[in-house]
Structures are given as structure tokens and as C-alpha cells.
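S.K.: Predicted model and sequence below, questions to follow.
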Amino acid sequence: MKPKELSARQKEANIEMLENWSVRDGMIWFTGEGDNLCSVKEYGDFEMYVDWKITKEETAVSTSGEHLRCRYGIHRGLMPVQRWGQGDYTTTGRTPSVPLKVADNPVGEWNTFRILMIGEKVSVWLNGELVTDNVIMENYWDRSLPVFSKGSIELQAHGTDLAFRDIYIREIKTAQYNLTDKEIEAGFVALFNGINLDGWTGNKVSYKVEEGNIVIKPDDGGGGNLYTEKQYSDFIFRFEFQLTPGANNGLGIRAPLEGDAAYAGMEIQILDNTASIYADLHPYQYHGSVYGVIPARRGFLRPVGEWNYEEVTVRGTKIKVVLNRAVIVDGDIADAIKNGTIDGNEHPGLKNTRGHIGFLGHGSVVKFRNIRIREL
């Protein structure tokens, strides 16, 4: 519609709304007849909480729900629950539409939804139970196209007297996930949103997201690499990691997606220096070293099981590694290889000026969090 026509129709709709929607005793009530109640503001990624209650039994199957980004519904069913489910996502054609479990309270009692919408994926908890797990929300109108990046949120019901209360929403800016104000001002962006592995490629079987961390599990293959989808040249890369006894991993930089990142790119060691099995390593193999090229200072890792903070700065041929606020590497690759590498091997990746950043698994459980980058 043209703006003038849209404005006129909106005024009509706002008047009609009051015939079926009302506020009583601190709650939004709906008769079940008429159109949906729509947020004026549009939302992209968000976390939402809402309490709802179906107030009386119906003889026929009745549904109600929240519509996310306009035309996409998180639905609740009254009867039968096996057919409609509770907290399931019902407008999809190719992705699961049956809830993981039935978790609704009896008619007349309050229920709580927690809805997490990130990109094209949605997760729903009903009364604390996960009922929809990171399902891709499809474009109802044209499934060959992605879902809208922003849209309004609607409260709706079909033939059910319904009440809503305690509606909260938190907008999520994934590029600023867990960043400090100073980091945002400096131009850092988050590479991990604490929820899923969007923006990453590689081994997404061994690497999982648990409790806001990226965790590599040896029981699921153990090895394998997880890389950023994007390639980087010069940057400041910050992350936190937690080692298990004898843990061995690595940080690949300027690396291709194929080949051994320690040679085809560069590898910054991630290692439990205190493990007895590593007592006889070469100096260039301990934590923080540029593998085979520049050895790192030791003695700055926190005890196994505690979180460590690391910052890696790459600028041209210069590399600086700060571990728990102590500088353990500050060198120039060009100087370090003038007379050949320390390990005596060819490292063609040292000439790379651009590549992926990744975690390089070696069969150990390691956790990562607060991963962010500033391009230079």
C-alpha cells in the first residue's frame, strides 16, 4: 500500500482490535475472534518470554500462538496434543514440525514460553522444557527464499479465549555478543553468539555448543578443525579457553580449509604444558608457540580447569601472543625463518597474507568462549 492508504487502514484496524482485545487485571485478553495483535516495532534476532493461559475448554481443536517476523507461527494446541503439539513450529514444509515433548500445563493454568530466534533458526522452551530445538524457520510464502531478517511479533488465537501476561523481549545483536563497551567502540565483532555455530565451517560434529561454550568432544571424532567462514588478513583475535588434563588443540591463522594448518597456514599451540606426556617437547611445541617457528614463554597458563584469556595480534609478518595479560610471543616470522624454520620443515603457509581462523582438534576436550576479532 501507499503510505496514505496504509495509515488509513491501520486506523481502522486499531479500532476493530478493541472489539476482541482488552487489558484486564494486568493481562492482555483475547476473545479468540478477530485478527492478531501485532507489535508496532519489528525485531530481528531476539529472546522472548511470554506467559499464556487458555481459559476454558473447547469442544473442537483450538490453536493459539506467537507469530515471529510476521507470518511464522509458534503454535500451541489444546486438543489433541499429539496432533498439534505444544510449542511446535507448524508452518514449515521441510523441517520438523512435531515438538520434542508435550510440556503444557492443564487448561486454566499459566504456561511460559521462552523463544530464541537467531537468523533463520528458532528454539522454544515450554515451561522449562525444550520443545523445538534450533529448527530452521522457512519462508511460508516462498520456501526457496530465506525467512525475513526482521518483522513484527503477533499474539494470536483461533477460537480460544486466551490471556497473556509478563511479555518480555531482549534484542540480540550477535555481532556484539558479550563484547564490552570499549571493544564495541574499538571495532571488535563477536565470532561466536553463544548459541550455535553460525559463521563457522568444518567439523560441526565434534565441535558442539554447550552452555554458551564451543566444546570439542573426542568421543565424537575428537579431531577435525572448526574454521571461521570468513577469511582474515591482519587482526586482533581474543578468546578464552579451558583445558582438560593433557589437552592439545591449536589456533589456526591465515589457514586454508584443507591441509595441515600448522604448515598450510600457521598454528598457535593450545596445550596443557603441565602434562607429563609433554615433558620432552621441543620449545616450539608448547602453548602459545607459533608451531615450528617461534617458541613461547612458559609459566603463564592457569591451572587446568580454569579459564584462560588469550589475545593474538597478527600484523603483516609480526605476531604477538598475550596469555592472561603476559606477553609470551612477540616476534617477526620473516626474521624467524631467515635461516630456515626451527623444526626444519617447510611451512609454505607462512607466506599466506589471508586465510581462515580455526580451532584445530587433536583428540582432547577443550572449551572456548568469548571469541571476538578486530580487523586491522
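M.R.: Good, I have the coordinates.
S.K.: Name the next helix or strand following the helix or strand that contains V124 along the chain.
M.R.: Per DSSP states H and E: V124 is located in strand 121-126. Per DSSP H and E, the first helix or strand lying C-terminal to strand 121-126 is strand 129-136.
S.K.: Parallel or antiparallel, list what pairs with that next one.
M.R.: If you go by DSSP bridges, strand 129-136 pairs up with strand 121-126 (antiparallel).
S.K.: re earlier: ok now the strand holding V124, how far from the chain's centre?
M.R.: Chain-centre distance of strand 121-126: 13 Å, with C-alpha atoms, centre = their mean, to the nearest Å.
S.K.: got it, and stretch 189-200?
M.R.: 4 Å.
S.K.: Need the contact partners of that stretch.
M.R.: Residues lying outside stretch 189-200 but in contact with it, judged by C-beta atoms under 8 Å, 6 or more residues apart in numbering, are 116, 118-119, 121, 134, 172, 174-179, 204, 207, 209, 212, 214, 226-230, 357, 368-374. Just so you know, the C-beta spots here come from the backbone N, C-alpha and C atoms, and that holds for glycine as well.
S.K.: Just the buried ones out of these, please.
M.R.: Applying a neighbour-count criterion of 16 or more other C-beta atoms under 10 Å, the buried members of these are 116, 118-119, 121, 172, 174, 176-177, 179, 207, 209, 214, 226-228, 357, 368-373.
S.K.: What ranges does the stretch 251-376 of the chain have for its helices?
M.R.: Using DSSP state H, counting those that start in this stretch, the helices of the stretch 251-376 of the chain run over 261-264, 333-336.
S.K.: Alpha carbons of the last one, in CSV - could you do that?
M.R.: When you say that, I think you mean helix 333-336. C-alpha atoms of helix 333-336 as CSV (Å, rounded to 0.1, in the frame of the first residue of the first chain):
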residue,chain,number,x,y,z
ILE,A,333,58.1,-14.5,11.1
ALA,A,334,60.3,-13.1,8.5
ASP,A,335,63.2,-12.8,10.9
ALA,A,336,62.5,-16.2,12.5
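S.K.: elements contacting it?
M.R.: Packing contacts for helix 333-336, counted by 3 or more C-beta pairs under 8 Å, 6 or more residues apart in numbering; DSSP states H and E, involve no helix or strand.
S.K.: Next, the buried residues of it.
M.R.: Buried residues in helix 333-336 (16+ other C-beta under 10 Å): I333, A336.
S.K.: Now do it, average pLDDT.
M.R.: The pLDDT scores in helix 333-336 average 94.
S.K.: Contact partners for I167?
M.R.: I28, M48, Y49, V50, D51.
S.K.: show me where pLDDT drops low in this structure?
M.R.: 56-97, 220-222 (pLDDT under 70).
S.K.: what's around V205, how many residues?
M.R.: V205 has 10 neighbours, counted by other C-beta atoms under 10 Å.
S.K.: Would you mind measuring from E306 to D272?
M.R.: 12 Å (C-beta to C-beta, to the nearest Å).
S.K.: who touches both of the two?
M.R.: Joint contacts of E306 and D272 (C-beta under 8 Å, 6+ apart) do not exist.
S.K.: Those two: which is more packed in?
M.R.: D272 (20 against 10).
S.K.: residue contacts, E171?
M.R.: E171 neighbours (C-beta under 8 Å, 6+ apart): Y43, G44, D45, F46.
S.K.: Over to I277?
M.R.: Neighbouring residues of I277 by C-beta under 8 Å, 6+ apart: G246.
S.K.: Using a markdown table, lay out the contacts of E171 together with distance to W200 and secondary structure.
M.R.: What follows is the contacts of E171, written out as a markdown table (distance: C-beta to C-beta, whole Å; DSSP: H, G, I helix; E, B strand; the rest coil):
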| residue | distance to W200 | secondary structure |
| --- | --- | --- |
| Y43 | 24 | strand |
| G44 | 20 | coil |
| D45 | 17 | coil |
| F46 | 22 | strand |
